[in-house]
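Peer 1: What follows is a predicted structure for the sequence shown.
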Protein chains: 4
Amino acid sequence: MTHTQQMVQTNPSQALVDEPTLVECIEACFDCAQSCTACADACLGEEDVQMLSRCIRLNLDCADVCEATGHILSRQTAAEVQMLRASLQACAEACRLCGEECENHAEHHEHCRVCAQACRRCEQACNNVLSAIPA
Amino acid sequence: MTHTQQMVQTNPSQALVDEPTLVECIEACFDCAQSCTACADACLGEEDVQMLSRCIRLNLDCADVCEATGHILSRQTAAEVQMLRASLQACAEACRLCGEECENHAEHHEHCRVCAQACRRCEQACNNVLSAIPA
Amino acid sequence: MTHTQQMVQTNPSQALVDEPTLVECIEACFDCAQSCTACADACLGEEDVQMLSRCIRLNLDCADVCEATGHILSRQTAAEVQMLRASLQACAEACRLCGEECENHAEHHEHCRVCAQACRRCEQACNNVLSAIPA
Amino acid sequence: MTHTQQMVQTNPSQALVDEPTLVECIEACFDCAQSCTACADACLGEEDVQMLSRCIRLNLDCADVCEATGHILSRQTAAEVQMLRASLQACAEACRLCGEECENHAEHHEHCRVCAQACRRCEQACNNVLSAIPA
């Protein structure tokens, strides 16, 4: 059992969505933040860095939004559907844009291929939580 | 002239919106992140902390979203309207929710009164940028 | 193989320390940031929140420092021993202080027990990287 | 009076250092985080981006550490001298390294010149708080 799972289970407040869907999304947000931070740096070290400037920029944006969303999802006290929804929508959008851009470079750069996977997994996980939260 | 203004002007890429509207919003995001971080802490030190738990929670969420949005707005390279819009919408919503909650405690706690001002200014600044970005 | 491992391996720049030690520390930093963010929230939802104010405060500090350190360790381009050392020392100290405080509440609150584990693992991982970086 | 000043004054817990020294440092941390985030992006948009890779990398590190330190300084509840000291030392070091690197490019890039100012001001402010906190 991961620490994230244990933290969700031991919080005195009930989560707004079922535990596996929530845990998957929290872990995907932190994982994607790490991959995007690392991909921005890997791109920066490449010889064709100028061709990767849009990728670096979206990596940095996506890392920022994933981290904010990972924090918000980690909180269960006085949870607010509107706050959750707004941040999940921003996060799914950031992951979609960054994932698409990384896919454009996946053939030439392995780090972009891996990062695209992390983005797509997180995009999906955000959409799953969005479907699960009460209307 | 603030550092933020100078940084916007010296970026080699043109910003998506006019400079004063952009600068106001970047500064409001960082200012609100600071106020919310400090308000969460001030609430935590109050005797009636239990009554302030929703305020603390929204303070922390709002600080996270303001910081992510402040970063995204600070970047002008390969700017993406969809990324900007999604994060500004999340930020305006976070500031609205946190501002409303802080207003509920403004009579009893000066830090909530000040923080509500920072939230409302940032909410307005986000909405101004949202109106200014091309459709 | 985790995404973090893959990102470290596919970076065009050589890491300053051996891969397993680095990967363990990056993953411990992000994991600890998540646990501390969640523990602050879980404490906030407890009836004895007033007794947990120091724990919440250290949780928030520790999450901030772990996240900054996790980012810095994720970058391999133009790595700077002095930057690494300063942030790892701050992170080991934050994890030690927060881990100790969480241990004080471990008997009464499961989330503090789990969070203490995450802090202690991260403290150790930071010290391992500190021992491994060139003098 | 800035929001930061008001937030420091209205916190129910006494700050560990005198108010003007603390406020100056909190504001310098957030200001430097903004300048470094913007400088990384401005460098990324320059034609000689490859020559600026170390600058971008240090900008990103410095922004991360300044933000963590700005948060920690914004909290006055159960303040811990050891936590403060460790994060201020990391922040002064990050600002020194990034400031030096930005100064190397100040003649060719205005954003590096401005960012170096923000870094040097923050380095000084961190050292001032370090001198003021009780031994």
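Peer 2: Now that the structure is in, tell me what you want to look at. Numbers count the residues shown, from 1 in each chain, chains lettered A, B, ... in the order given.

Peer 1: can you map out the helices along chain A?
Peer 2: Taking DSSP state H as the criterion, chain A carries its helices at A:3-10, A:19-44, A:53-74, A:81-105, A:110-132.

Peer 1: from the ones you listed, which stretch is densest packed?
Peer 2: Ranked by mean neighbour count, the helices of chain A are led by helix A:53-74 with a mean of 28 (mean count of other C-beta atoms under 10 Å in any protein chain shown). C-beta here means a position set from N, CA and C on the backbone, and glycine is covered the same way.

Peer 1: Report whether that one contacts chain D.
Peer 2: Yes: applying C-beta under 8 Å from any C-beta of the partner chain, one finds helix A:53-74 in contact with chain D at A:53, A:56-57, A:60.

Peer 1: how big is the angle separating that helix from helix A:110-132?
Peer 2: Angle, helix A:53-74 to helix A:110-132, by axes from the mean of the first three to the mean of the last three C-alpha atoms, to 10 degrees: 40 degrees.

Peer 1: Helix A:53-74: how far from the chain's middle?
Peer 2: Helix A:53-74 has its C-alpha centroid displaced from the chain centroid by 7 Å (C-alpha atoms, centre = their mean, to the nearest Å).

Peer 1: packing partners for that helix?
Peer 2: Contacts defined by 3 or more C-beta pairs under 8 Å, 6 or more residues apart in numbering or on different chains; DSSP states H and E place helix A:53-74 against helix A:19-44, helix A:81-105, helix A:110-132, helix B:53-74, helix B:81-104, helix C:19-44, helix C:53-74, helix D:19-44.

Peer 1: helices or strands next to the fifth one in the packing?
Peer 2: Meaning helix B:81-104. helix A:53-74, helix A:81-105, helix B:19-44, helix B:53-74, helix B:110-132.

Peer 1: The fourth one relative to helix A:81-105, how many degrees between them?
Peer 2: Right, helix B:53-74. Going by the same axes, to 10 degrees, helix B:53-74 is angled at 30 degrees with respect to helix A:81-105.

Peer 1: Same check on the third one?
Peer 2: Following the same axes, to 10 degrees, one obtains 130 degrees for the angle between helix B:19-44 and helix A:81-105.

Peer 1: Of the helices and strands packed on helix B:81-104, which is nearest D:C39?
Peer 2: Closest of those to D:C39 is helix B:53-74, at 9.3 Å (criterion: C-beta to C-beta).

Peer 1: can you redo the residues of helix A:53-74 next to chain D as a markdown table with distance to B:I133 and pLDDT?
Peer 2: Conversion of the residues of helix A:53-74 next to chain D to a markdown table gives the following (distance: C-beta to C-beta, whole Å; pLDDT from 0 to 100):
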| residue | distance to B:I133 | pLDDT |
| --- | --- | --- |
| A:S53 | 21 | 97 |
| A:I56 | 22 | 98 |
| A:R57 | 16 | 98 |
| A:L60 | 19 | 98 |
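
Peer 1: Looking at those, which two lie furthest apart in space?
Peer 2: Farthest-apart pair in the residues of helix A:53-74 next to chain D is A:S53 and A:L60; separation 10.9 Å (C-beta to C-beta).

Peer 1: Not counting residues beside it along the chain, what's closest to the residue of chain A most remote from its centre?
Peer 2: Within chain A, A:E47 marks the point farthest from the mean C-alpha position, 27.4 Å out by C-alpha atoms, centre = their mean. Take A:E47 and drop its neighbours on the chain: the residue closest to it by C-beta to C-beta, 6 or more residues apart in numbering or on different chains is D:Q50, 7.8 Å away.

Peer 1: Next: A:D41.
Peer 2: Distances taken as C-beta to C-beta, 6+ apart place C:R75 nearest to A:D41, at 4.1 Å, with adjacent residues excluded.

Peer 1: any idea how far the one you found is from D:C98?
Peer 2: Distance of C:R75 to D:C98, computed by C-beta to C-beta, to the nearest Å: 13 Å.

Peer 1: Quick check: neighbours shared by these two?
Peer 2: D:D61 (C-beta atoms under 8 Å, 6 or more residues apart in numbering or on different chains).

Peer 1: Hmm, A:T77 is touching B:R57, no?
Peer 2: Yes: the pair formed by A:T77 and B:R57 meets the contact definition of C-beta atoms under 8 Å, at 5.1 Å.

Peer 1: re earlier: for the residue farthest from the centre of chain A, report the pLDDT, please.
Peer 2: With respect to pLDDT, A:E47 scores 95.

Peer 1: which phi and psi does it have?
Peer 2: Main-chain dihedrals, A:E47, degrees, to the nearest 10: phi -70, psi -30.

Peer 1: Next up, the contacts around the closest residue to A:H109 other than its chain neighbours.
Peer 2: If the residues on either side of it in the chain are set aside, A:H109 comes closest to A:E46, at 6.7 Å by C-beta to C-beta, 6+ apart. Residues near A:E46 by C-beta under 8 Å, 6+ apart: A:52, A:109, C:12.

Peer 1: 10 Å instead?
Peer 2: A:52, A:55-56, A:105, A:108-109, A:111-112, C:11-13, C:77, D:50, D:53 (C-beta atoms under 10 Å, 6 or more residues apart in numbering or on different chains).
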